[in-house]
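*Asks:* what's the 3D shape of this:
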Amino acid sequence: MSASEQLEILEEPPFILENGVKYINPTEVKMSQFILPCHANHCGELSVGQLLKWMDTTACLSAERHAHCPCVTASMDDIDFDFEQRLSVGHVVNIKAKVNRAFNTSLEVGIIITSEDPCTGRQWKVCNAFATFVAKGQGSGKVQLKAVIPRTSQEKIEYSIAAERRRMRLHHLESIKDLVSSSTIQKEPDFDESQHVVPAEKTRVETVELVLPPHANHQSNSFGGQIMAWMESAATISASRFCKGHPVLKTIDMFHFRGPSQVGDRITLKAIVNNAFKESFEVGVCAEAYHQEGWEQKTHINSAFMTFVVPDKGGKLCTFPRVKPEPGDGKRRYREASARKKIRLDRKYIISCKQTEVPLSVPWDPSNQVYLSYNNVSALKILAAKQNWVLNCMQNKAKLSTLEEDHLLFFKAEMIVSVNVKQVFVLLSDMSRRHEWDTHYQRFKLIQKVDTDDVIYHVVSPSVNKASNFQDFVLLASRRVPCADGDPYLIALRSVSLPAVPPTKDLDRGEVSCAGFTLCQEGVTSTKIAYYIQTTPQVLPYITRDITGLSSDLCKIIEALNKFLEQNKDTAHMCDIG
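*Replies:* I've put the predicted structure just below:
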């Protein structure tokens with residue numbers, strides 16, 4: 001796919017309002033910047049620190065356009081830079097930011113960065129990011145932000161998934177701690193004299209910056225983008241000391257601002273190489289602030305972890321020696337770097353790849369449970385937001401629709417039941433009872449209760465072809481209550497693989513890519529149920545038989561579901577909702 005084709009995918013088709021006017025998101029802010037020599041590093045390429053400042057500025061303007069009050073940077077999610085196409089002096093950087101969703105006092109801003117060569121007209125994507133800002137009102141009172149109203153299909157998807165990204169951010173640090181404490185991460189290595197080893201202390205950098213008025217935002221606090229730029233600079237110096245060359249920043253783990261700093265503060269920046277892998281290495285950097293009068297009382301304001309690579313003249317990545325960590329905290333940082341490496345690989349494998357490129361049954365383990373859960377729920381939300389469904393038939397007041405897109409077939413069944421939405425959610429969340437109304441789920445076994453919202457089941461289903469074996473599935477079930485009024489209840493399903501449940505000769509292992517329920521309240525005592533599934537070879541026969549009228553199984557299942565909900569609604573315990 002060419003770079004210009006990739007950019008076309010980023011742009012949504014125009015959305016025309018009822019009055020015929022082209023819709024423009026009211027929070028959208030665009031910035032275009034020529035890369036000048038003052039923005040470039042010693043290689044004549046755009047400094048990543050300068051790019052971070054432009055990104056933070058654009059995102060802040062978008063956040064304040066929605067909040068109508070000053071906003072400060074709280075965090076910026078992990079960034080994966082695509083610098084195969086270098087950003088050189090004379091190129092143009094285009095940044096677009098818009099608010100995806102507002103919570104009580106914080107909001108998420110989506111950022112897309114592209115670049116172009118004005119001499120040739122060639123354009124390409126650089127990266128995308130998500131930043132969180134906190135609104136600051138007058139005085140000490142908290143600001144209650146107004147809700148974002150998504151209009152286009154893409155805005156609705158980002159609005160819905162923003163709640164799941166927020167959940168993932170809150171679990172990010174906990175995931176690293178759990179992984180470090182597990183036995184799956186390498187402990188401190190044993191080094192012998194024959195190995196080429198670089199002591200970590202030789203890469204240590206400590207520098208100080210004075211916050212001047214040009215470094216402050218319009219609230220007299222240190223500009224978040226400037227802090228990030230200083231951190232990137234310190235990390236790059238440390239990286240250069242390790243690789244003895246010109247390192248290229250590939251990824252940044254989440255920036256998280258722990259506190260503010262003001263004009264007149266001194267910012268101490270400390271960086272060190274934590275660990276080296278075959279073709280990449282991680283640099284940890286932290287920023288601390290202190291006043292002139294109390295230099296011994298430093299406040300930790302930010303930390304970040306940056307992964308660097310070094311391509312040779314032919315573009316091939318160089319390999320690196322091992323790092324010998326410092327005693328004490330150095331060994332902890334060494335192990336945590338390995339944990340972050342694994343999480344990055346899991347995240348890229350699970351989230352970043354296209355659906356057609358990712359195996360359906362992703363291996364499950366505690367280190368990737370947050371990202372699998374995120375992928376499970378976000379995939380259902382994206383499927384539910386799809387348009388242009390084709391109504392195939394109606395059976396017993398249920399609508400059966402299909403959608404063909406990119407060589408994939410999706411199926412949707414909708415119905416309304418006279419049961420409160422919370423009761424429906426509790427009953428459908430208990431997958432162990434699904435066999436009571438769904439003949440496709442003959443046997444259920446609870447394999448692992450991950451937490452209150454995520455459970456792994458082993459399911460056995462009869463085959464459509466009587467001559468073949470029964471099928472079995474290992475499914476991750478993730479449930480979510482609404483994050484705000486108007487959000488649906490969700491129960492998402494996808495296949496995972498577990499060593500404890502290997503495939504057997506007696507059963508044909510099936511896979512589910514994306515399936516689940518969305519539940520919307522229709523009045524006080526009624527619920528609109530929508531069931532979605534992306535077909536796979538194993539589930540396709542169950543669906544096509546009903547759509548083409550060769551079977552009435554689905555009609556019977558819908559009748560059984562309605563009866564099951566009616567009979568058991570009084571037994572649904574509201575306390576089961578987390």
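
*Asks:* from F517, how far off is S478?
*Replies:* Remark: distance between S478 and F517 (C-beta to C-beta, to the nearest Å) = 11 Å. C-beta: built from backbone N, CA, C; applies to glycine.

*Asks:* check A385 too.
*Replies:* A385 is 15 Å from F517, by C-beta to C-beta.

*Asks:* looking at these two, which has the bigger crowd around it?
*Replies:* F517 (22 against 17; other C-beta atoms under 10 Å).

*Asks:* what lies in contact with the helix or strand hosting Q369?
*Replies:* Element membership of Q369 [criterion: DSSP states H and E] is helix 369-384. Helix 369-384 is contacted from outside by 157, 160-161, 164-165, 167-168, 171-172, 175, 343, 346-347, 350-351, 355, 362, 364, 410, 450, 453-454, 476, 478, 480, 488, 490, 492-494, 496, 513-516, 518, 530, 532, 534, using C-beta atoms under 8 Å, 6 or more residues apart in numbering.

*Asks:* stretch 159-176 now?
*Replies:* Under C-beta under 8 Å, 6+ apart, the answer for stretch 159-176 is 75, 77, 100-101, 103, 108, 130, 132, 148, 150, 254, 336, 339-340, 343, 367, 369-371, 374, 377-378, 381-382, 384-385, 480, 483-484, 487.

*Asks:* let's see the PyMOL selection covering just the buried ones among the contacts of helix 369-384.
*Replies:* With 16 or more other C-beta atoms under 10 Å as the criterion, this PyMOL line picks the buried residues out of these:
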select buried, resi 157+160+161+164+165+167+168+171+172+175+343+346+347+350+351+362+364+410+450+453+454+476+478+480+488+490+492+493+494+496+513+514+515+516+518+530+532+534
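
*Asks:* about what we covered before: what helices or strands is whichever helix or strand comes after the helix holding Q369 leaning on?
*Replies:* Next helix or strand after helix 369-384 toward the C-terminus (DSSP H and E): strand 390-395. Applying 3 or more C-beta pairs under 8 Å, 6 or more residues apart in numbering; DSSP states H and E, we find strand 390-395 packed against strand 398-405, helix 540-547, helix 553-568.

*Asks:* okay, angle between strand 390-395 and strand 398-405 too, please.
*Replies:* Calculated by axes from the mean of the first three to the mean of the last three C-alpha atoms, to 10 degrees, strand 390-395 forms an angle of 160 degrees with strand 398-405.

*Asks:* strands paired with strand 390-395, and their directions?
*Replies:* Next to strand 390-395 in the sheet, as set by DSSP bridges, lie strand 398-405 (antiparallel).

*Asks:* okay, buried residues for the partner strand please.
*Replies:* Result for strand 398-405 [16+ other C-beta under 10 Å]: buried residues 398, 400-403.

*Asks:* parallel or antiparallel, which strands does the host helix or strand of L519 pair with?
*Replies:* Using DSSP H and E, L519 falls within strand 515-521. Sheet partners assigned to strand 515-521 using DSSP bridges are listed as strand 489-497 (antiparallel), strand 527-534 (antiparallel).

*Asks:* need the ones you listed in CSV with distance to M306 and mean pLDDT, can you?
*Replies:* Formatted as CSV, the strands paired with strand 515-521 follow (distance: least, C-beta to C-beta, whole Å; pLDDT from 0 to 100):
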stretch, distance to M306, mean pLDDT
strand 489-497, 31, 94
strand 527-534, 36, 92
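
*Asks:* and of the buried residues of strand 398-405, the nearest to M415?
*Replies:* Of all the buried residues of strand 398-405, A398 has the smallest distance to M415: 4.2 Å, by C-beta to C-beta.

*Asks:* stretch 267-287: how far from the chain's middle?
*Replies:* Chain-centre distance of stretch 267-287: 23 Å, with C-alpha atoms, centre = their mean, to the nearest Å.

*Asks:* straight-line length of that stretch, end to end?
*Replies:* From its first residue to its last, stretch 267-287 covers 6 Å (C-alpha to C-alpha, to the nearest Å).

*Asks:* test my guess that R340 contacts F305.
*Replies:* Yes - using C-beta atoms under 8 Å as the test, R340 is close enough to F305 to be in contact (5.9 Å).

*Asks:* got any residues that touch both of the two?
*Replies:* 253, 282.

*Asks:* sorry, back to before: of the contacts of stretch 159-176, keep whichever come out buried.
*Replies:* Buried among these (16+ other C-beta under 10 Å): 75, 77, 100-101, 103, 108, 130, 132, 148, 150, 254, 336, 339-340, 343, 367, 369-371, 374, 377-378, 381-382, 384-385, 480, 487.

*Asks:* quick one: low-confidence parts of this protein?
*Replies:* The chain contains residues with pLDDT under 70 at 1-13, 83-84, 139-140, 172-195, 346-361, 464-467, 536-553, 555, 573-578.

*Asks:* centroid-nearest residue for it?
*Replies:* Central residue of the chain (C-alpha atoms, centre = their mean): R165, 5.2 Å from the mean position.

*Asks:* quick check, that one in a helix?
*Replies:* Yes - R165: assigned to a helix according to DSSP: H, G, I helix; E, B strand; the rest coil.

*Asks:* quick one: it and L476, what's the gap?
*Replies:* Relative to L476, and taking C-beta to C-beta, R165 is found at 18 Å.

*Asks:* just F425 next, same as before
*Replies:* 18 Å.

*Asks:* dig out what Y532 forms beta bridges with.
*Replies:* In this structure, Y532 bridges to K412, G516 when assessed by DSSP bridges.

*Asks:* can you name the element that comes right after whichever strand or helix holds S160?
*Replies:* Under the criterion of DSSP H and E, S160 resides in helix 153-181. Using DSSP H and E, the helix or strand that follows helix 153-181 towards the C-terminus is strand 197-199.
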